[in-house]
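1. Generate coordinates for the sequence data below:
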Amino acid sequence: MIVLYITAHAVASLTVSRLCWRWSREVHGTLGAGLRILAAGYLMHYAGYDTARSVAVAACWTGRQWNFLLGLSNAAAQPSALLVAVGFILPLIGRRTEDAIRYWRLAPLARVVGPVPGTSLGPLPAPWWRPSLRLRLTQRQTYISDRIVACRSRFCTQIRKQAYEAALAHRHGEDDAAAIAEAAVIVNAVKTCGLPESGAALAQQLAPTDDFPFTSDLVRISRALRSPIVKGVRMTRANVFGHD
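-> Numbering: from 1, shown residues only. Take a look at the predicted model:
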């Protein structure tokens, strides 16, 4: 019975370790880190606890008493159990931390798109007895996306092109330059949505388009609002791209 237990435990530990390591290559963030820690913990359990116990049993069959292996197996089981516990807990804590950071980083963009006409309703408050951060994050992302869609007809390809070229001239990478350009377009669209009819007609002359694919994540766009190029669009639409 002892041999069957050790064999089953060793096979299970080695199998879980291999699966966790394989899955860790397909995911990122704290989930991937948790899977790698689980793989190390189960491998340590297999190599330390199961191996030492198996050798001790085999030695007992040959008439030897290698009891020190029992202490060695117990010593190996403690750090491996700790690694397994951390591997399970880390993704849970990490996901909530990532949600909190993302929720906080989206705040500037949520404030920018807040004045869009026709979208006065804000995100529904979560019940106080069930404060789900994931729900609040989803509501904030929906809040932002709805307002971006509401002013989509005011998106201007000219501003996007000029902001993108200006960002590249300031030695930003292509991804950051795309985010800056999209942030500039959103800021300008929000401004023109609040203009009177004559101003709106002028905005329509700046080559707006309905086919305007976004290439950046909302968090990246929110962070791009701090760029001097986007701040220039927020202050004025004249001479904000012609100089360093």
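
2. who does the helix or strand harbouring Arg223 touch, helix- and strand-wise?
-> Assigned by DSSP states H and E, Arg223 belongs to helix 218-224. Using 3 or more Cβ pairs under 8 Å, 6 or more residues apart in numbering; DSSP states H and E, the elements in contact with helix 218-224 are helix 68-105, helix 107-112, helix 133-150, helix 174-193. All C-beta spots, glycine's among them, are computed from the backbone N, C-alpha and C.

3. Tell me how far Ile37 lies from Glu26.
-> According to Cβ to Cβ, to the nearest Å, Ile37 and Glu26 sit 16 Å apart.

4. wait, Met44 sits on Ala76?
-> Yes: using Cβ atoms under 8 Å, Met44 is in contact with Ala76, at 6.3 Å.

5. ok, now which ones touch the closest residue to Ala47 other than its chain neighbours?
-> Of all residues not flanking Ala47 in the chain, Ala76 sits nearest, at 7.7 Å (Cβ to Cβ, 6 or more residues apart in numbering). Each residue near Ala76 by Cβ atoms under 8 Å, 6 or more residues apart in numbering is listed here: Met44, His45, Ala47, Gly48, Tyr49, Ala52.

6. And Val57, by the same measure?
-> By Cβ under 8 Å, 6+ apart, the contact list for Val57 reads Ile2, Val3, Ile6.

7. The closest residue to the first one other than its chain neighbours is in what secondary structure piece?
-> Spatial nearest neighbour of Ile2, excluding adjacent residues (Cβ to Cβ, 6+ apart): Val57 at 6.2 Å. When elements are assigned from DSSP H and E, Val57 belongs to helix 51-61.

8. pLDDT below threshold where in the chain?
-> Scanning the chain for pLDDT under 70 picks out 117-131, 194-216, 236-244.

9. Next, name the residue at the spatial heart of it.
-> The centroid of the chain falls nearest to Glu98 when counting by Cα atoms, centre = their mean (6.0 Å).

10. hang on, that one packs against His28?
-> No: the pair formed by Glu98 and His28 falls short of the contact definition of Cβ under 8 Å, at 10.6 Å.

11. and the gap between Thr51 and Cys20?
-> For Thr51, the distance to Cys20 - Cβ to Cβ - is 19 Å.
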